[in-house]
Each structure stands twice: as C-alpha cells, then as structure tokens.
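Peer 1: I'll drop the sequence and a predicted model, then ask my questions.
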Amino acid sequence: MIEKAFIERLRSNPHPVVVDFWAPWCAPCRAVGPVIERLGEEYAGRVDLWKVNADEQPEVLRSLHIYGIPTLIAFHHGEEVGRRTGAAGTAALTSLFESALTGEKPRQARLELNDRFLRLGVGLALVGLAILSGMSGTALVLASLGGVVMFTGIYDRCPIYQMVSTRLKEFFKHESTQS
C-alpha cells in the first residue's frame, strides 16, 4: 500500500522529481550525497529532490525494482525517464536532473580520463597476474576478467562496439514492437 501512495504522490507532484534511494550505512551514498544536495539546490523550484531511506521503505524499492543503492530515478509527470545505480560523477547526476526537467532520456556521460586509466591499469594487472600464473585453469579466467575490465575503459570509443550495440538495440526495439 505504501508503494501505491508513493506512485500517486509522484504523479500528483507539480514538478518533475529525482528520487535518491539511499541508506545511512552506505559509503557510496555518503560520497555522492553532497553533489546530490548541491544539484537539488541548483534545480530547486524546477525539479524536486526526494530522499528515500532504503532501510525504512524496502517495499517501495522492491516495487520499483531497485536492487542496489544508491539509486537515483528521474521522474517526469510521474513516469520514469532515467535511472542511475551506484556512485556517479557530477556530469551523470546533472544529466538525471536535466532528464527529469525535460522528460528526455539522460545522455550517456563519458568516462573521465582517470577512470579510463584506472580500468585499463586494473585490467592489465589482472592479465599480468594470469601470465605470471602460467595461463592455465584459474589463470585463464583471471586473464578473461582482465580483458573485460580493460574493455570497460574503452568500450564507449570502440567503433565495433558502437555499431553492434546500435544494431542490437534496433533489432530488439523492432522485435518488441512486433510482439
């Protein structure tokens, strides 16, 4: 019943809403908290910021299919237009507030340079450990994991990934409209 009241409150709210699902024990929640508060002040009067303690309202999280915190969801006229789970940078969080304001899907924020280098370094370290371990059994899994971690540092700039992901999105969009 609480989740129905929450959805009704969203739909009747005069402004778009960004809802921050958090918990007091969650370190990533505390890390992004100041940025979220600053954006809430910056968008005051245009976008409302609601904070929902995950420990106090688990049924709302369940009804919205929230499986990790922090999760921020942007609502425009009571409809979800964007979602972000995990700690995020200022650009990604600003994009959610803009999405709530305009009703458009948030634009994908590019990885920052230090994030790219960190991912490439961790992936390279994993591959290096696998090579030092003799590349058999568990080491092959480690090398594969290292490759995946490195790919997460460059995927948004990979032309093959962009082509394949675009075609897959079009295919599944076409398939879902036919069902």
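Peer 2: Arrived safely. Just so it is clear, the model here is predicted, and its values are computed rather than measured.

Peer 1: pLDDT on stretch 151-162, on average?
Peer 2: The average of the pLDDT scores along stretch 151-162 is 76.

Peer 1: Which parts of it count as buried, going by neighbours?
Peer 2: Judged by neighbour count (16 or more other C-beta atoms under 10 Å), stretch 151-162 contains these buried residues: residue 153. All C-beta spots, glycine's among them, are computed from the backbone N, C-alpha and C.

Peer 1: That stretch: end-to-end distance?
Peer 2: Stretch 151-162 has an end-to-end distance of 13 Å (criterion: C-alpha to C-alpha, to the nearest Å).

Peer 1: Identify the residues contacting stretch 25-44?
Peer 2: Stretch 25-44 is contacted from outside by 18, 20, 22-23, 47, 49, 54, 69-70, 72, 86-88, 90, 93-94, 97, 101, using C-beta atoms under 8 Å, 6 or more residues apart in numbering.

Peer 1: for stretch 121-133, same thing?
Peer 2: Applying C-beta under 8 Å, 6+ apart, the contact partners of stretch 121-133 are 139-140, 142-143, 145-153.

Peer 1: those strands in this structure, which residues are they?
Peer 2: For the chain, applying DSSP state E gives strands covering 17-22, 48-53, 71-76, 79-85.

Peer 1: Export those as CSV, with columns for distance to residue 39, mean neighbour count and mean pLDDT.
Peer 2: Below are those laid out as CSV (distance: least, C-beta to C-beta, whole Å; neighbours: other C-beta atoms under 10 Å; pLDDT from 0 to 100):
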stretch, distance to residue 39, mean neighbour count, mean pLDDT
strand 17-22, 8, 23, 94
strand 48-53, 7, 17, 94
strand 71-76, 10, 23, 93
strand 79-85, 12, 17, 89
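
Peer 1: Switch those over to JSON lines; also include distance to residue 6.
Peer 2: Conversion of the strands of the chain to JSON lines gives the following (distance: least, C-beta to C-beta, whole Å):
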{"stretch": "strand 17-22", "distance to residue 6": "9"}
{"stretch": "strand 48-53", "distance to residue 6": "8"}
{"stretch": "strand 71-76", "distance to residue 6": "11"}
{"stretch": "strand 79-85", "distance to residue 6": "13"}
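
Peer 1: Just the buried residues of the contacts of stretch 121-133.
Peer 2: Buried subset of these (neighbour count, 16+ other C-beta under 10 Å): 139, 142, 143, 145, 146, 149, 150, 153.
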